[in-house]
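Participant: return atomic coordinates for the entry below.
(one chain, ligands or ions: 1)
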Amino acid sequence: MSAHPSPARPRLLTGDTPTGSLHLGHFVGSLENRLQLQDEYDCYFLIANLHALTTRSQETADIRRDTLEIVKDWVSVGLDPRKATFFLQSEVPAIAELTWYFAMLLGYGRLMKNPTIKDEIRVKNLGDNYSFGFLMYPVGQVADILAFRPKVVPVGEDQVPHIEMTRELARRFNQVYCGVTGKTDDADHETAGGVFPVPEVKVGRVARLTGTDGKNKMSKSLGNAIFLSDDPKTVQKKCNKIFTGRQSATDPGVVEGNVLFEYHDAFNPDAQRVTQLKEQYQSGSIGDGQVKKELAEVLNAMLSPIREKRAQVSDSDVLAVLRDGTQRANDQAEKTLAMAKKACDFGFFHRTVAFKD
Ligand code: TRP
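Facilitator: Sure, this is the predicted structure:
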């Protein structure tokens, strides 16, 4: 399963935290984008297993299992390890080292203004009980990205503040250690001598997919997700439970802001049928039941080939793909780290990272 992506293509990096297998929100927010981009870019896809420790430091066996599940999700939707590099964050030491350098260039106040951090503290009810490491993860993410010096970072909308911080820290590093001036355009940082490009963010087709509770963003931890690995019955049950607040099937239904139609718009390939369903719903001639039934059919048709492909991927396939990709990722990240250390007068000795088994 090993091949070498063409280095002539512009580089792209993105990744997922192993918090469980991936769901429909990931699909439209990011996976779909990656599918398109894997042919045009030299893609690096990372499993952020160290980030999973931020909230689950006592559940490491689960993190390991979820790590393998995510690679299965990737392969089953069509991401191809012969085209892209799939790798494991925890086995790329350069990332942890770069985190140290970037952390020194970031003010504590700036970090605490990051809206995603604020949101996570609120939504996950962390109060004052988050670890020191939790605050480190966005800086770690900056290092995940910049270790590969990518041009583009495709992510879901909630991740945009982290990419903004990445851009700030790339500029800051280049200014402090590489003689790049504050007037240099973002696009010119590397030609002006900077180690890091200022990468662009790219948000998916559906920036935020609502969960089956009809309120919050789809998320495993909120129990409102439809997973790519759900079986047909589970999908049907989850669709049936979607709450729209509509009293009776003969009331004029509201389409705007209705999660059933948000899903039809996102996943139903038959746009004409969706328009028809909306008209009938608004005029009170069909109920939620019919809309849900057709939704489950659409989702199951979409998920069926994904399920089939998933069943063909074994844990040992996944480990082989990760080992191969992580070796390549190390080759790249070590180069970047050496450049960064040289720029800030820490370039003493040279080294390589290699796996023994
Ligand atoms: N924080 C991202 C998420 O939870 C995962 C992630 C970690 C990531 N490092 C990254 C995404 C680097 C893009 C680039 O979805």
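
Participant: which SS class is residue 213?
Facilitator: coil (DSSP: H, G, I helix; E, B strand; the rest coil).

Participant: and the helices in the stretch 201-350 of the chain, which stretches?
Facilitator: Counting by DSSP state H, counting those that start in this stretch, the segments of the stretch 201-350 of the chain that form helices are 232-240, 259-267, 271-282, 288-311, 315-343.

Participant: list just the one of the ones you listed that sits closest to residue 98.
Facilitator: helix 315-343 (6.1 Å; CB to CB). From N, CA and C alone the C-beta is placed, and that goes for glycine too.

Participant: could I have stretch 283-295 exported to CSV, CA atoms only?
Facilitator: Extracted C-alpha coordinates of stretch 283-295, given in CSV (Å, rounded to 0.1, in the frame of the first residue of the first chain):
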residue,chain,number,x,y,z
SER,A,283,-48.5,23.2,2.8
GLY,A,284,-49.3,20.6,5.4
SER,A,285,-49.7,17.7,3.0
ILE,A,286,-46.9,15.5,4.4
GLY,A,287,-45.7,14.9,8.0
ASP,A,288,-42.2,14.5,9.5
GLY,A,289,-42.5,10.7,9.1
GLN,A,290,-42.3,10.8,5.3
VAL,A,291,-39.4,13.3,5.3
LYS,A,292,-37.6,11.1,7.8
LYS,A,293,-38.2,7.9,5.9
GLU,A,294,-36.7,9.4,2.7
LEU,A,295,-33.9,10.9,4.6
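
Participant: list the buried ones in it?
Facilitator: 286, 287, 288, 291, 292, 294, 295 (16 or more other CB atoms under 10 Å).

Participant: ok, those residues vs the ligand, which is closest?
Facilitator: Within those, proximity to the ligand (CB to the nearest ligand atom) peaks at residue 295, which comes in at 25.6 Å.

Participant: list the contacts for the closest residue to the closest one other than its chain neighbours?
Facilitator: Ranked by CB to CB, 6 or more residues apart in numbering and with sequence neighbours excluded, the top spatial neighbour of residue 295 is residue 239, at 5.1 Å. Counting by CB atoms under 8 Å, 6 or more residues apart in numbering, residue 239 makes contact with 212, 226, 292, 293, 295, 296, 299.

Participant: okay, those residues in a markdown table with distance to the ligand and pLDDT next?
Facilitator: What follows is the contacts of residue 239, written out as a markdown table (distance: CB to the nearest ligand atom, whole Å; pLDDT from 0 to 100):
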| residue | distance to the ligand | pLDDT |
| --- | --- | --- |
| 212 | 20 | 96 |
| 226 | 18 | 98 |
| 292 | 29 | 97 |
| 293 | 32 | 97 |
| 295 | 26 | 98 |
| 296 | 27 | 98 |
| 299 | 22 | 98 |
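
Participant: nearest to residue 78 among these?
Facilitator: Closest approach to residue 78 among the contacts of residue 239 (CB to CB): residue 299, at 17.2 Å.

Participant: pretty sure that closest one sits against residue 235.
Facilitator: Yes - under the criterion of CB atoms under 8 Å, residue 299 makes contact with residue 235 at 5.3 Å.

Participant: which residues are in contact with both of the two?
Facilitator: residue 226.

Participant: which ones are touching the nearest residue to residue 241 once chain neighbours are set aside?
Facilitator: In space, residue 241 comes closest to residue 212 once its chain neighbours are excluded; the distance is 6.5 Å by CB to CB, 6+ apart. Taking CB under 8 Å, 6+ apart, we find residue 212 in contact with 218, 224, 225, 226, 238, 239, 241, 242, 259.

Participant: can you give me the neighbour number for the last one?
Facilitator: Using other CB atoms under 10 Å, residue 259 is surrounded by 20 other residues.

Participant: now swap in the third one and tell me
Facilitator: Under the neighbour criterion other CB under 10 Å, residue 225 is assigned a count of 24.

Participant: nothing else from me, thank you.
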